[in-house]
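coordinates only, sequence not included:
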């Protein structure tokens, strides 16, 4: 698991089905790739947030007067209900622990041997 795979919203892209699949693999929300950027990544409201850009923040945070904004709250609610994870908790952990310790915590939570859990498919995939 890499720190660069933590999206601005707090999503761990390492656990995403789009990142784990072999065909049309997503390189993660933070990557800058050669024209392969998905429509979702281009239009993501959170990734393209003016506050993130203006303040040069890597992640949504309580430094923002809108935190958590409506979009982040909706995303968080959906992921809590469907996938048993919280973007807002992830962001709070990043602030509290720092990104490296957060990623270590995520690694312990979501990996088993050399397999990683896909939150969307609810199954393990081989770590690549």
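Cool, the structure landed. Note that this is a predicted model, so its numbers are computed, not measured.

so where's this protein uncertain?
32-42 (pLDDT under 70).

the longest helix in it is where?
Using DSSP state H to define each element, the chain has its longest helix at helix 70-83.

quick one: distance of that helix to the chain centre.
Its chain's average C-alpha position is 12 Å from that of helix 70-83, according to CA atoms, centre = their mean, to the nearest Å.

packing partners of it?
Applying 3 or more CB pairs under 8 Å, 6 or more residues apart in numbering; DSSP states H and E, we find helix 70-83 packed against helix 87-97. (Glycine included, C-beta is placed from N, CA and C.)

for residue 79, see how far away residue 56 is.
Distance of residue 56 to residue 79, given as CB to CB, to the nearest Å: 26 Å.

distance of the residue sitting furthest away from the middle of the chain from residue 58?
Distance from the C-alpha centroid of the chain, by CA atoms, centre = their mean, peaks at residue 113 (21.8 Å). In this view, residue 113 and residue 58 are 30 Å apart by CB to CB.

and residue 124, by the same measure?
28 Å.

next: residue 17.
24 Å.

neighbours of the residue nearest to residue 30 when sequence neighbours are not counted, how many?
What sits nearest to residue 30 in space, not counting adjacent residues and going by CB to CB, 6 or more residues apart in numbering, is residue 4, at 5.4 Å. For residue 4, the count of nearby residues is 15 (other CB atoms under 10 Å).
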